[in-house]
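J.: Coordinates for the following, if possible.
(chains A and B)
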Amino acid sequence: MGETPNNLPDLKELPAAEVQLKQRSFSIVWVVPLAALLIGGWLVHKTFSEKGPTITIAFESAEGLEAGKTKIRYKDVDLGQVTAIDLSEDLSQVIVTAELVKYAEGFISENTRFWVVKARVAATGVSGLGTLFTGVFIAMDPGKNGNSARHFKGLAEPPIITTDLAGRNYLLKAADRGSLEIGSPVYYRKVQVGKVVAHRLSDDGGSVDIEIFIDGPYDQYVYENTRFWESSGFNITLDTEGMRIDAQSFAGIVIGSIAFGLPPKGESGPVAAKETVFQLHKTMEEATQKIYEQKDRWVLHFHESVRGLLIGAPVEFYGIQVGQVVDLWLEAGPERSAYQASVVIEVEPDRAMLKGDRLNTPEERRKRIESLIQSGLRARLETGNLLTGKKLVSLDFYPEEPLVVKITKGPYPELPTIPSPMTNIGNKMSRIISRVESMPLEQIADELKQTIQGAKKITNSPEILKAVRGLNASLKEVQLLIADLRTTVTPEIDATLEQAQRSLKAAEEMIRTDSQLQTKLKTALDQIAETARSLRQLAEYLEQHPEALLQGKEKDE
Amino acid sequence: MSRTIACHECDLLHRIGDMPQGASARCVRCGALLYRKKNNSLDRTLAFALTGMMLFILSNTFPFLAFKIEAQVQQTILLTGIRTLFDQGMRTVAVLVLFTIIIVPFLQMAGLLYLLLPLKFDRLPPGLPQVFRFVRWLQPWSMMEVFMLGILVAMVKLMKMATIVPGVAVFSFLALIFIIAAMTAALDHHQVWEKWDELR
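T.: Residues are numbered from 1 along each chain as shown, chains lettered A, B, ... in the order given. Okay, here's the model as predicted:
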């Protein structure tokens, strides 16, 4: 627009500009804010409607967590994001606030668990290596349906079992935790089928509850009569049967493991329901032993050392285990004879296959045992293993032993004992020694001395000298006689020798290997060798059982 | 009121009198547009200001950009970006960015709303001349398009290093740039003064 206010020629002569009137209509411009309002409103609505639940999770530490970055994931799918990390009021915990996606609302419940996934190195393996590059994240396990919840307590360790895992969990009662850890494997026929999920002291503190989880489909092999035992690491057993070393897999050695199976000859019972309680045995032997309900306790009094006899040592009857030692202690009194080792044994009468009626009440059984005692039943200490010196209690009949009836105090009836064979031998040896000691040794020595002196006198006497000289003269005569013989007798001797040679040849023929005589001789020699062998066995037996000398050979056990 | 106006094409002088809304004046000789009384100027400006205000709110509340490296996601809104700049020691730049892309556009729109809403209903907002002059003074300081160009350059450069997920705010911000441009274009300041004269 070039305005020229000055020097105007004649404004009147200028033409008037054309004026166009624009048709006025509804101003379309208002559509713009309306559209913006619609779009904006829709966005806001979408944001708010997609906003899932806001939850808080309490963790021990916020290590690696970052507000605005750390994700919450389930099966590696993002379900939310940490929005804030604060300390709890008492500073004991970290409260992580997170926003979840809308659809997470459906499966967040009080059973939902959260834990931080980071790189972990454990005996069972390495996990979470990816988080070294991507940063940690919070994993969740939705859990079973439950009441709705918005505040959670985070787990310190990833849980062993998650909701989507098929299988069952069981509770094992153990005397102690052993070397079991959370995550320790559970084996069935040396195949890993599960894991230890948790361990805690039982409510009364009297045992340890170990929770295990058996993955499906292996849980069908857990029957109601299944036995569980600890197969941790190295198991070195030293008992009357010698030394045994059992070793498990490498992980099992480091963190222990549990195995299970059926008792021998056991038929599988019904499949165990979940959360069934089982006993956790210390060893496989213990677990697979038959369990006898009837148990009778007897007390034994020994007047000798029970060194090598341990609690749990077997009690054998005719060499078959019928029970075990459950307790032992020393009893002292004022006199020497009052010192005794008291041993309590537990006998399981059901171990014996009874012919006839089963004795159900303890009184009946006690009467039976008492009658057996009358007929010579005695307990004796025996060395079960010479190498380790472990002892066992052996029950047997010794009808010739006198029955020493004692007043039984205490809670258990008494089973009479006899001294162990070693003690017997010792006693007899000392008797022999004392007999040797009582011999008149000095007197014998004196008499011997006198005899020697008499002999000496005889050899030094002049008569002897004379006799020797006479002998010399006789020898000279003999020499002369021999010279004579050489000249006269030698030719005859030659002839005799020839004859002898012939006889020898005949003899040689006789003793040829295939000759009848030779065979007979060989048989005779074999018989002699056999005799020598049995002699040696006898000697060995006597060496091991010197008491046999005195008591005769025991019946075979 | 009568003025003269010269055609910028052929330099022919014209008289020009009061014109109705939306009318344009054309050269009698060459037909070029001499002057157009902007159609519905105040209404349009008001509409654009309202739209701009809504977009402004969206731009500042919704995520602007998200950078994704592996599983790590860094999400920003406009203000956190400025705050990061500030925290990293580039305080002058941060203040400049805050001023040119947030404060100025906001004041512009708020000022126009303050003036035009009452005028629409034939009321006179107090302090109109001062506020209007201030709004017009602010205009060169609004540099949202510069910022947007900067963001585009940065995005192109970062593309190789990370996945960039543009948020809702980027689009609303882009729209806001055009809306503000339209708002400025639609504003015929003659009409504000005319209205002011009328109502005083």
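J.: And the helices in chain B, which stretches?
T.: Counting by DSSP state H, chain B has helices at residues B:41-61, B:78-87, B:91-98, B:104-120, B:128-138, B:144-158, B:168-186, B:189-199.
J.: domain assignment for the chain?
T.: No chain was given, so I picked chain A. Here the domain parsing of chain A from automatic domain parsing is A:48-153, A:167-288, A:296-428, A:460-542.
J.: Chain B is the one I meant
T.: Domain assignment for chain B by automatic domain parsing gives B:3-36, B:41-199.
J.: Enumerate the positions of stretch B:82-97 that are buried.
T.: Buried residues in stretch B:82-97, counting neighbours by 16 or more other C-beta atoms under 10 Å in any protein chain shown, are found at B:I82, B:L85, B:F86, B:A94, B:V97. Any C-beta I mention is one placed from the backbone N, CA and C, and that applies to glycine too.
J.: Ok, which of the domains of chain B comes nearest chain A?
T.: Closest to chain A of these is domain B:3-36 (C-beta to the nearest C-beta; 2.8 Å).
J.: what about the closest one and chain A, touching?
T.: Yes: using C-beta under 8 Å from any C-beta of the partner chain, domain B:3-36 comes into contact with chain A via B:3-8, B:11, B:13-16, B:19-28, B:34-35.
J.: re the thing from before, do you know which of the domains of chain A lies nearest B:G52?
T.: Nearest to B:G52 among these is domain A:48-153 (23.1 Å), distances taken as C-beta to C-beta.
J.: about what we covered before: report the buried members of the residues of domain B:3-36 next to chain A.
T.: Judged by 16+ other C-beta under 10 Å, buried ones among the residues of domain B:3-36 next to chain A: B:4-7, B:13-16, B:19, B:21-22, B:24-28, B:34-35.
J.: hang on, the earlier thing: turn the domains of chain A into CSV, columns for mean pLDDT, distance to B:E198 and mean neighbour count.
T.: Shown next, in CSV, are the domains of chain A (pLDDT from 0 to 100; distance: least, C-beta to C-beta, whole Å; neighbours: other C-beta atoms under 10 Å in any protein chain shown):
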stretch, mean pLDDT, distance to B:E198, mean neighbour count
domain A:48-153, 83, 45, 15
domain A:167-288, 80, 84, 17
domain A:296-428, 78, 114, 15
domain A:460-542, 84, 140, 10
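J.: backbone phi and psi for the residue lying closest to A:R366 once chain neighbours are set aside, please?
T.: Spatial nearest neighbour of A:R366, excluding adjacent residues (C-beta to C-beta, 6 or more residues apart in numbering or on different chains): A:P413 at 6.1 Å. With angles defined as degrees, to the nearest 10, A:P413 sits at phi -70, psi 160.
J.: Which strand or helix spans A:A149?
T.: A:A149 belongs to no helix or strand when elements are defined using DSSP states H and E.
J.: Any figure for the gap between the residue nearest to A:R366 and chain B?
T.: According to C-beta to the nearest C-beta, to the nearest Å, A:P413 and chain B sit 75 Å apart.
J.: got the domains of chain B as TSV, with distance to A:L132 columns?
T.: Below are the domains of chain B laid out as TSV (distance: least, C-beta to C-beta, whole Å):
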stretch	distance to A:L132
domain B:3-36	67
domain B:41-199	11
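J.: Could you identify which of those domains has the lowest mean pLDDT?
T.: Lowest mean pLDDT within those: domain B:3-36, a mean of 79.
J.: Next, find the distance separating A:G454 from A:K190.
T.: As defined by C-beta to C-beta, to the nearest Å, A:G454 lies at a distance of 87 Å from A:K190.
J.: Correction: the previous question concerned B:A181.
T.: B:A181 sits 78 Å away from A:K190, going by C-beta to C-beta.
J.: Can you give me the neighbour number for B:P63?
T.: Summarising burial for B:P63: neighbours were counted as other C-beta atoms under 10 Å in any protein chain shown, giving 17.
J.: now it, nearest residue through space, not along the chain?
T.: Excluding its sequence neighbours, the residue lying closest to B:P63 (C-beta to C-beta, 6+ apart) is B:G167, at 3.5 Å.
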